[in-house]
Every structure is written in structure tokens, then in C-alpha cells.
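Participant: Sequence below, structure please.
(2 chains)
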Protein chains: 2
Amino acid sequence: MTVLVVGSVALDSVETPFGKADDVLGGSGVFFSSSASHFTKVQLVGVVGSDYPMERLRGLEGRGVDLAGVETADGESFRWRGRYRHDLNSAETLETRLGVFSNFRPKIPAQFRDAPFVFLANIDPRLQLEVLKQVNRPRLIACDTMNFWIESRRHELLELLGRVDLITLNDGEARQLTEQSNLIKAAKWIMARGPRHVIIKKGEHGAFMFSEDRVFFAPAYPLENVFDPTGAGDSFAGGFIGWLARSGDLGEANLRRAVVYGSAMGSFAVEGFSNARLLEVTRSEITARIDEFARLVAFDTSLPA
Amino acid sequence: MTVLVVGSVALDSVETPFGKADDVLGGSGVFFSSSASHFTKVQLVGVVGSDYPMERLRGLEGRGVDLAGVETADGESFRWRGRYRHDLNSAETLETRLGVFSNFRPKIPAQFRDAPFVFLANIDPRLQLEVLKQVNRPRLIACDTMNFWIESRRHELLELLGRVDLITLNDGEARQLTEQSNLIKAAKWIMARGPRHVIIKKGEHGAFMFSEDRVFFAPAYPLENVFDPTGAGDSFAGGFIGWLARSGDLGEANLRRAVVYGSAMGSFAVEGFSNARLLEVTRSEITARIDEFARLVAFDTSLPA
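Facilitator: Below you'll find the predicted structure:
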């Protein structure tokens, strides 16, 4: 089944202890699409400036990403420049230039409105709500958010919570949104306001999925070399939603499997700059990594005699 | 099989967001013994001052902890006073009074010298090395350490690494010791200097066990209420070594199971002040928590048709 994603399409300039890259493809919509395209057809909605290297973005089309919803507006593309030092868990933002993204009003093309899976990547909750007015009863609506919207659009974000099935956010954001330092309490707080599932991402420390009274945990895959952490969260979401859309199964067992696919895609994302590693990774490498996840946490509870 | 532990026997005064306790039983030797006593006989070696409430410590004897190695010296007992604020991951030390612990020279009673499992809790590496001269070829020697010794006794600590089979330390300590920010690299660095197994504890983020080219990860059990984190690491070690000693099996599958027992005991430790919850927990509660660990990480990699 198809996934519709609405998010940013950006140009990133990134410096890490391992190198640097300038004006490479970035943005939540790009990372999500690159990741999800391994599993299913993707429809991307976003905006770029007239300076955007569309020929590079069009590389996604060959992978089943429909770019009909990527509008080109007069002006500069959204640019983010950041640096990671030795603590690869947190980026230092050096510059953000919103450009045409600051006036973005998502317009969902008619042929995208029946997408059964919808991911509202990290954009203004007002826009996330506008998207929901333009789609026809998806089977699953998921969203992401960030500290900036939690502070500045709290009211709209709470309204959005009442309309989504699932939210992904990181541990700091969950604590900030709920004012609960304990993550179980934070997840309960969020579920009480709408979402049936809450995924709390902890970066290199893995991810929790909370569903009613159940909790699932997947570690982050331990990598010896993390090249560039940018986009890991959106790549996680792409693997997670992509897998759900491919299988069409929203049962607990498959949701757990989807979290592991998400973690696997997040781990590939950080092995290269931009979406480079995400695009080159093969089906058999993905399957091998899923098996490694299984070995990583496997233990046998049967007691010796 | 019996476990010999050499560590501190202290009086802790602790303040957490949930309450406070003054002059309660503490110290690495006490937490380790309380935890390991659920699985096997324990021999404790340490020192207390003449002011120590021995009648409370003697409560451990009924659980199979032999206190013949706990020496009473003239002077004050080791006292630690600390506070946890909302971030329950890190203690703020308000006061440390070493008392008789500052002149501690471990003397292993003759009847303890053949213990097949030895845990050198977090004390001066010089003393840890002295203990090893007094024991007869144990089947497994494990040690713990801390930032203070990594700074002040680096040479002796490296010598110790060459003589132990396993080390437990937290992620910050592993990075400090090895000057590697990546934990896989840190574990390889340590294994190259002796230990066949390295357990890196990440507090609420779980624990890694590295063995040659294998890695196992166990999450921390997600608790809605963490009452007092003091002693979680030593309780982990007590569950881990206690389980190994009970079963006598040092194979990979059983080492993994032991990590989960360690995580379970760590999770009980933080549910009460001092060792109170550790002492009251029942065999069936332990078994139930092991099962919950299995459910927490369970996923099925078989693909739908």
C-alpha cells in the first residue's frame, strides 16, 4: 500500500568528525522517502526553491517515489547547516535558512488523497492539521514533531494528537510535551490524548513503542562508525511506516517487526552522508541486519536443570 | 557454587524526589551480596567501623551470606550522602567520609580462598590485585571500577585487566578508560588487554555484553517509579555473577541469561531505598520479571507472505 509523506525537502551542509558535505539532499521528507522506498510506493509532498538540484531529487523517482507533490516556489530552498562533534547524539545547528519553506502550505494532489498510510513529518502542526483535511480516511496516520512546535504551537499540537493513530518523537520531546520525566508516564499521557501507539526514540539508546498496556523495546544497532547522524529519526520512521504499508498488517506482532525495520533503516542512514547509504543498501543487507537485531537481544529463559 | 565478593560496606544517606533515608545499609559489597544471595552462597569481605549496625548486616546471614570476612576496625564506618533530582541517572554526592575504609586491606579468610567465583567490587585496584594473590585459581574473576581509579590508579588498573576474565563498568567509565567514544571500540580496547568479556552498563539505557566478536544487549526494565537508583550497578553484578555461580555454566547462552538476571535484580534494587526491595523480592517475582524482559524485546523476524 502507498505511503503519503508531507515534510521538508532541504539542502544540508554537515560536518562530522569523519568529514564534511555541502548542499547535499536533506530534510525529513527526503530521508523518510529514501528509507520507505525500500518497502513500498511513496508519495512525497513538499516545497523547494528554484535553486534546488531537482535532477538529484529525481533519483528517487526510479525507486518508486512520486514527486508530483513537490512544488517549486520562487526563492531559496530550505538550508540547514550543522556540526556534530564527538557526541554524535546531538547536532549543533550553525545556520537555518527556511527560504521557501517558511511560506509552505501543503497541497495534496488529487491522486495522493486516498493514500492508506500517511506520515506527517516534523512541520508546523497547523500544516499537519491542514493535510488531514485533504486526505480521505487513511488506515493509519502517524506524525512526528519537535521542541520548537511543542513550545510555540502547543494548542494545535494537542489538537493534532486527537487525530493521529501514532506519534514518533524523541525522549527529550516526550518529556517536554508531557512534563513527565518518566517515559512510561509520558507515553500514557500522550495515549490519553489520542494516539493508540507512541514511539519514543532515544537515538543511540534505541526506541520504545508503547501501545495500551504493552511496551516493546528495540536497541539501536551498535555501529563501530557512525558517519553522520542526520536523518536517522526520519529514516527510522520511513522503515517503520514503509514496512507497515508493505504488509498492511497493523497487529502488535507486525508493529514490533516494523520498529525493528525502522531501527535497521536508521542504522543504515547514519553510515553515510545525506541519504547516500540509504539509497545503496540492498534487500539482502536489510534482511541480514534484521537478523543481527534478533541475535543482539536473543536470550533463552528456560532454566538449566 | 560460592561467590566471593570484596567491596565496601557502608552507611548511605539518600534523598530522592520520592523521599529520604538516613544511615541505611549501603556499599557495593552489601548490594552485590543482597542480590547474589537469591541465587547462591556468598562470602563477603569488607570492613566496618565500630559504629556499624551489625545486627542489621547480620540479616544477610539468614540468606546465605557468610560475614566472616567483614572485619570491624576502630573508627567510623564508610558513609556516603547523596541526592538524586529529577534525572535519576546521576547522583549528586553531598558528602563522602571514608572512615575505616581508607585503611582497608582485604584479608581473605582461609575458608574463602577456594571460592570458584570472585567479584572485585569497586575498590582501589591495588587492593583488587592483593585479593587475587590470596585466592586459589577461581573459575571466574570479575571486577568493577570507577572514574576515580581510572584517573589515579591507571597503571594498576591496566595490570588488573590482565588478570580478570570479565569487567563491568559504565559507559562513561569505559570511554574514560579507553579514550574511545564508540562503545564497540572501547570494549575491543579492553578485551585486547585481558578480559574475555566486557559488560558496559548504561543505567536506564540498558547494558551491553561484549565477548570476542559477539555482542548482547539487554534493556533496563522500564519502571514507572524509580525510587532510589543507589546500588543498581552492584545489584546488577550480583544477579549476573550469582546466576553464573548457581548454574556453573560459562557458555554464551548462559552469560546472556545472566545479563538478564542482572538487569532484573538491578530493576528491583531501584524500587526501594537501600537493599530493602532486593531482600523482600521473591523467586516468583524474579521469574516473572525475566519473562517480562523476554516480552519487552520479543519480535518475530519471519516475513509475512
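Participant: Please make it C-alpha for all contacts and neighbour counts, starting now.
Facilitator: Will do.
Participant: Next secondary structure after the one helix or strand A:Phe210 maps to?
Facilitator: With elements delineated by DSSP states H and E, A:Phe210 resides in strand A:207-211, which encompasses its position. Where DSSP H and E defines the elements, the next helix or strand beyond strand A:207-211 is strand A:214-218.
Participant: tell me, how many neighbours does A:Arg139 end up with?
Facilitator: Neighbourhood size, A:Arg139 [other Cα atoms under 10 Å in any protein chain shown]: 14.
Participant: With A:Arg56 instead?
Facilitator: 11.
Participant: Would you mind measuring from it to chain B?
Facilitator: 33 Å (Cα to the nearest Cα, to the nearest Å).
Participant: before we move on, back to that, quick one: the strand holding A:Phe210 to chain centroid distance?
Facilitator: 15 Å (Cα atoms, centre = their mean, to the nearest Å).
Participant: what bridges to the residue in the stretch 101-250 of chain A that chain B sits nearest to?
Facilitator: Using Cα to the nearest Cα, A:Phe216 is the residue of the stretch 101-250 of chain A that sits closest to chain B, at 4.8 Å. Beta-bridge partners for A:Phe216, by DSSP bridges, are A:Met209.
Participant: Show the average pLDDT along the strand holding A:Phe210.
Facilitator: Averaging pLDDT along strand A:207-211 gives 98.
Participant: follow-up on the earlier one: pLDDT wise, what is the residue of the stretch 101-250 of chain A closest to chain B at?
Facilitator: At A:Phe216, pLDDT is 98.
Participant: residues touching it, list them.
Facilitator: Contact analysis of A:Phe216 by Cα atoms under 8 Å, 6 or more residues apart in numbering or on different chains lists A:208-210, A:256, B:295-298.
Participant: re the thing from before, show me what the strand holding A:Phe210 is packed up against.
Facilitator: Applying 3 or more Cα pairs under 8 Å, 6 or more residues apart in numbering or on different chains; DSSP states H and E, we find strand A:207-211 packed against strand A:197-201, strand A:214-218, helix A:252-269.
Participant: can you list those in a markdown table and add distance to A:Thr230?
Facilitator: Output for the helices and strands packed on strand A:207-211, formatted as a markdown table (distance: least, Cα to Cα, whole Å):
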| stretch | distance to A:Thr230 |
| --- | --- |
| strand A:197-201 | 14 |
| strand A:214-218 | 20 |
| helix A:252-269 | 8 |
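Participant: In PDB, could you pull the C-alpha coordinates for stretch A:121-129?
Facilitator: The C-alpha coordinates for stretch A:121-129 follow below in PDB (Å, rounded to 0.1, in the frame of the first residue of the first chain):
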ATOM      1  CA  ALA A 121       6.800  14.600   9.200                       C
ATOM      2  CA  ASN A 122       8.100  17.300  11.500                       C
ATOM      3  CA  ILE A 123       6.400  20.600  10.200                       C
ATOM      4  CA  ASP A 124       4.100  23.200  11.800                       C
ATOM      5  CA  PRO A 125       1.200  21.400  13.500                       C
ATOM      6  CA  ARG A 126      -1.100  23.900  11.700                       C
ATOM      7  CA  LEU A 127       0.100  22.500   8.400                       C
ATOM      8  CA  GLN A 128      -0.100  18.900   9.700                       C
ATOM      9  CA  LEU A 129      -3.800  19.600  10.500                       C
END
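Participant: gap between it and the chain center?
Facilitator: Distance, centroid of stretch A:121-129 to centroid of chain: 13 Å (Cα atoms, centre = their mean).
Participant: Quick one: mean pLDDT for that stretch?
Facilitator: 97.
Participant: where does chain A come near chain B, residue by residue?
Facilitator: Selection of chain A residues close to chain B by Cα under 8 Å from any Cα of the partner chain yields A:86-87, A:181-185, A:205, A:215-219, A:222-225, A:247, A:253, A:256-257, A:290-291, A:294-301, A:304.
Participant: May I see the PyMOL selection of the buried members of those residues?
Facilitator: Per 16 or more other Cα atoms under 10 Å in any protein chain shown, the buried members of those correspond to this PyMOL selection:
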select buried, chain A and resi 181+182+183+184+185+205+215+216+217+218+219+222+223+247+256+257+290+294+296+297+298+299+301
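Participant: Identify all contacting residues around stretch A:18-35.
Facilitator: Under Cα under 8 Å, 6+ apart, the answer for stretch A:18-35 is A:5-15, A:42, A:44-46, A:56-57, A:60, A:65, A:79, A:121-122, A:227, A:231-232, A:234-239, A:242, A:265, A:273-275, A:278-279.
Participant: 6 Å - rerun?
Facilitator: A:7-14, A:231, A:234-235, A:238-239, A:274 (Cα atoms under 6 Å, 6 or more residues apart in numbering or on different chains).
Participant: give me phi/psi at the residue nearest the centre of chain A?
Facilitator: Chain A has A:Asp234 as the residue nearest its centroid, 2.2 Å off, counting by Cα atoms, centre = their mean. Main-chain torsions, A:Asp234, degrees, to the nearest 10: phi -70, psi -30.
Participant: For chain B, what is the nearest residue in the stretch 1-150 of chain A?
Facilitator: A:His86 (7.0 Å).
Participant: quick one: pLDDT of the nearest residue to A:Asp300 once chain neighbours are set aside?
Facilitator: Excluding the flanking residues, the one nearest A:Asp300 by Cα to Cα, 6 or more residues apart in numbering or on different chains is B:Arg257, at 6.6 Å. The per-residue pLDDT reported for B:Arg257 equals 97.
Participant: B:Arg257 and A:Thr301, how far apart?
Facilitator: 7 Å (Cα to Cα, to the nearest Å).
Participant: Ok, A:Asp87 next?
Facilitator: Distance of A:Asp87 to A:Thr301, computed by Cα to Cα: 35 Å.
Participant: A:Pro222 too?
Facilitator: 24 Å.
Participant: Any stretches of chain A with poor pLDDT?
Facilitator: A:303-305 (pLDDT under 70).
Participant: need the strands for it, in chain order.
Facilitator: A:3-6, A:10-16, A:19-26, A:42-49, A:65-73, A:78-83, A:92-97, A:117-120, A:140-144, A:166-170, A:197-201, A:207-211, A:214-218 (DSSP state E).
Participant: Just checking: what are the partner strands of the third one?
Facilitator: Using DSSP bridges, the strands paired with strand A:19-26 are strand A:10-16 (antiparallel).
Participant: Please apply the same query to the longest one.
Facilitator: Each strand paired with strand A:65-73, and its direction, by DSSP bridges: strand A:42-49 (parallel).
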